[in-house]
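Asks: Provide a 3D model corresponding to the input given below.
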Amino acid sequence: MMYGSIEAGGTKFVCAVADESLEIIDRVSFPTTTPEETMELVIQFFKGYQDKLEGIGIGSFGPIDIHRNSPTYGFITSTPKLLWQNFDFVGTMKKHFSLPIAWTTDVNAAAYGEYAFGKGKGLSSVVYYTIGTGVGGGAIQEGRFVEGFSHPEMGHMMVVPHKNDSFTGNCPFHGNCLEGMTAGPAIEKRTGKKGQDISPDDELWDMLAYYIAQCAYNTTLMLSPDVIIFGGGVMKQRHMLKKVHQAFEDLMQSYVKTPDLTNYIVTPELEDNAGTIGCLALAKEAKIHL
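Replies: Down below sits the predicted model:
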């Protein structure tokens, strides 16, 4: 008995299969090109395990349609990736695999991975952000994703510019939103360098920490979660978490008494595996609740 995972990112697709205990048996990665090319590789990978698969979990870049009664449920909708706009992802998979398919955003999948097996294990309320090529957020309350007419787009919350920051933002929709100020492309646009090539002593990191701390501040006041997890390449900078903690304390001014920040604002325990593990766990849940 096996479960499948598709972590569908804007740059690459990561596909995996795991056993009943969700131990990964095989994993492959493909560049995200056209739906025709990429999905052909995805389908061929899972065909090799078709006789043993019990379910597949998909965490996709978005926006996506999450409402089961919608005529476009399972579609990637108004994505900036033009070739993928209005693509019927779940329907395409269903043509080849008669299996339960769990469908959510890539960041929701990562949130679920941490909720089930990482820093959120045993907690009732978990919020996860990824700060990398883009910025996205997912929230879980008592095992359910926090959603309404659609899934959250937390990465586009507005932030107050740092007093020393003249950068106007990189988001084509909102300018200086969280993604527009902190994502990898924003760092490159403002400096001409990738984050890993910038000195830890550069003032840029204090500015980014200020924006990420605003995200944690907003999240705390809106949702009061048990933990806020920040993943993605930007947070792999070892000095960032301490800077975010300090900026958060400066912003909060003790207005809300949170858990100790070393346990409250954290990085992922599952690191880059959070999305894959989350998709596998959701696939198993989909099979159980069929």
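Asks: geometric centre of this structure: which residue is closest?
Replies: Residue closest to the mean C-alpha point of the chain, counted by C-alpha atoms, centre = their mean, is residue 107 at 2.0 Å.
Asks: these two touch, right, it and residue 138?
Replies: Yes. The criterion here is C-beta atoms under 8 Å, and residue 107 meets it with residue 138 at 4.5 Å. The way it works is simple: take the backbone N, C-alpha and C, and place the C-beta from them, glycine included.
Asks: list the residues that are in contact with both of those two.
Replies: residue 128 (C-beta atoms under 8 Å, 6 or more residues apart in numbering).
Asks: which secondary structure element contains the closest residue to residue 14 other than its chain neighbours?
Replies: Take residue 14 and drop its neighbours on the chain: the residue closest to it by C-beta to C-beta, 6 or more residues apart in numbering is residue 7, 4.3 Å away. Using DSSP states H and E, residue 7 maps to strand 2-8.
Asks: quick one: furthest residue from the center of this structure?
Replies: Here the chain reaches farthest from its C-alpha mean at residue 51, the gap being 30.2 Å by C-alpha atoms, centre = their mean.
Asks: distance-wise, check it relative to residue 3.
Replies: Here the criterion is C-beta to C-beta, to the nearest Å. By it, residue 51 lies 14 Å from residue 3.
Asks: and what of residue 20?
Replies: With distances taken as C-beta to C-beta, residue 20 is found 8 Å from residue 3.
Asks: before we move on, the earlier item: just checking, next helix/strand downstream of the strand or helix carrying the residue nearest to the centre of the chain?
Replies: Assigned by DSSP H and E, residue 107 falls within helix 106-117. Sequence-wise, the next helix or strand downstream of helix 106-117 (DSSP H and E) is strand 125-131.
Asks: quick one: that following strand to helix 106-117, angle?
Replies: 130 degrees (axes from the mean of the first three to the mean of the last three C-alpha atoms, to 10 degrees).
Asks: what lies in contact with strand 125-131?
Replies: 106-107, 110-111, 114-115, 119-120, 135-142, 154-155, 182-183, 212, 215, 219, 223-235, 268, 274.
Asks: quick one: mean pLDDT for it?
Replies: Mean pLDDT, strand 125-131: 97.
Asks: can you list the strands that it pairs with?
Replies: strand 135-141 (antiparallel), strand 227-231 (parallel) (DSSP bridges).
Asks: now render these as CSV, adding mean pLDDT and distance to residue 97.
Replies: As requested, the strands paired with strand 125-131 are exported to CSV (pLDDT from 0 to 100; distance: least, C-beta to C-beta, whole Å):
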stretch, mean pLDDT, distance to residue 97
strand 135-141, 96, 25
strand 227-231, 98, 29
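Asks: for residue 101, give the beta-bridge partners.
Replies: For residue 101, the beta-bridge partners are residue 56 (DSSP bridges).
Asks: just confirm it contacts residue 95, I think it does.
Replies: No. If you go by C-beta under 8 Å, residue 101 and residue 95 don't touch, sitting 11.5 Å apart.
Asks: scan the chain for its longest helix.
Replies: Secondary structure of the chain per DSSP state H: the longest helix is helix 203-223.
Asks: sec struct for residue 16, please.
Replies: What DSSP: H, G, I helix; E, B strand; the rest coil gives for residue 16 is strand.
Asks: then residue 30?
Replies: strand.
Asks: equivalent analysis for residue 58, please.
Replies: Following three-state DSSP, we place residue 58 in the strand state.
Asks: for residue 122, give me its contacts.
Replies: Contacts of residue 122 (C-beta under 8 Å, 6+ apart): none.
Asks: can you give me phi and psi for it?
Replies: Dihedral angles of residue 122 (phi, psi; degrees, to the nearest 10) stand at phi 80, psi 0.
Asks: contacts for stretch 37-48 next, please.
Replies: For stretch 37-48, contacts defined as C-beta under 8 Å, 6+ apart pick out 4, 6, 13, 15, 17, 28, 30-32, 53, 56, 92-93, 96-97.
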